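Colleague: sequence first, predicted model second:
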Amino acid sequence: MTTGTGQTPAGRPDSGLSYVPVGWLIFVMAWSLYGLASASWLFGDSGLPDAIFYFFLAGLFANVIIVAWGLYLLGLALGRSTRFPRQFIIWQVAFIVWVLARQVYVLAVPPFVFTPRSLLIGGAEVAIGLLCIYLLRRGSGAENVYAKPQAEAPPVYVSIVAALLGIILGAVVGAVGGFLAGSVIADVAQVSCFEGGCGYFAAFIGLAGLVVGAIAGGILAVWLVHRRGRKPAA
């Protein structure tokens, strides 16, 4: 909230923890992008039971939504928009619902095998999400960080289109650059090519470059759109 002079009124100072949700958002997006990049095997003859195949397919679509929605939120965060805390909480609640639904499905469907590890990961995702919601609650001081209502962000579809283009371009550049870098590193480090070892190493670096490039390209595209596309609020 700001005054008529454009200054943020004195209130509870922010401890810096209001940036934690942004870091968590980037981590979840990066993990989702990794899931998308490594899901090509789903479109072949995987031989999985239908219950498991459709579970992974649903995860694929969920990852797309998480990344697209997350990039829009990053645009709000980079612009210090007052809408970020509320919009992030909506996204985080939806993500927690997805995590819980995913866990219930795994526990209820017979082909899956129960493991404590999956419960720990799901519990950690929910716990961190609740912490982020708490950090962005009203009166937490986050309103002093995200306090720029004087400009309206571009429409959601503009951010999503820019994000997708940035992801695609960044993924291509990152994958090519990562593969070339991996090939050079494998040659310099004299990684054995026995049974394709050096090729697998270069491919792994290329996959890492794809994920990093996609994230960087999406963030840069959204940042540019929100920086150039802002207009005074009516």
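Modeller: Cool, got the structure. Numbering: from 1, shown residues only.
Colleague: element containing the closest residue to residue 136 other than its chain neighbours, please.
Modeller: Among residues not flanking residue 136 along the chain, residue 85 sits closest, at 4.1 Å (CB to CB, 6 or more residues apart in numbering). C-beta: built from backbone N, CA, C; applies to glycine. Here residue 85 sits within helix 84-108, counting by DSSP states H and E.
Colleague: what comes up buried for that helix?
Modeller: In terms of neighbour count (16 or more other CB atoms under 10 Å), helix 84-108 has its buried residues at 84-85, 87-89, 91-92, 95-96, 98-99, 102-103, 106.
Colleague: tell me where this structure is predicted with low confidence.
Modeller: Along the chain, segments meeting pLDDT under 70 span 1-15, 39-47, 149-157, 195, 226-234.
Colleague: tell me how it divides into domains.
Modeller: In the domain annotation for the chain, the residue ranges read 17-148, 156-232 (automatic domain parsing).
Colleague: correct me, but the residue nearest to residue 136 touches residue 142?
Modeller: Yes. At 5.4 Å, residue 85 and residue 142 qualify as touching, with contact defined as CB atoms under 8 Å.
Colleague: list the contacts of the residue nearest the centre of the chain.
Modeller: In the chain, the residue lying closest to the centroid (CA atoms, centre = their mean) is residue 29, at 1.4 Å. Taking CB atoms under 8 Å, 6 or more residues apart in numbering as the criterion, residue 29 is in contact with 66, 67, 70, 71, 74, 215, 218.
Colleague: so what does the strand or helix carrying the third one touch, helix or strand wise?
Modeller: When you say that, I think you mean residue 70. Take DSSP H and E as the rule and residue 70 turns out to sit in helix 50-78. Applying 3 or more CB pairs under 8 Å, 6 or more residues apart in numbering; DSSP states H and E, we find helix 50-78 packed against helix 20-37, helix 84-108, helix 156-188, helix 197-228.
Colleague: between it and helix 156-188, how big is the angle?
Modeller: 100 degrees (axes from the mean of the first three to the mean of the last three CA atoms, to 10 degrees).
Colleague: in helix 50-78, which residues are buried?
Modeller: Neighbour counts using 16+ other CB under 10 Å place 55, 59, 62-63, 66-77 of helix 50-78 among the buried residues.
Colleague: related to what we said a few turns ago, give me the helices and strands touching the helix holding residue 85, please.
Modeller: In this structure, helix 84-108 packs against helix 20-37, helix 50-78, helix 116-135, with contacts taken as 3+ CB pairs under 8 Å, 6+ apart.
Colleague: and of these, who's closest to residue 164?
Modeller: Minimum separation from residue 164 across the helices and strands packed on helix 84-108 (CB to CB) falls at helix 50-78, 6.9 Å.
Colleague: now that closest one, how far from the centre of its chain.
Modeller: 8 Å (CA atoms, centre = their mean, to the nearest Å).
Colleague: measure the residue in the chain sticking out farthest from the centre to residue 87 for me?
Modeller: The outermost residue of the chain relative to its centre, with distances by CA atoms, centre = their mean, is residue 194 at 36.3 Å. From residue 194 across to residue 87, the span is 51 Å (CB to CB, to the nearest Å).
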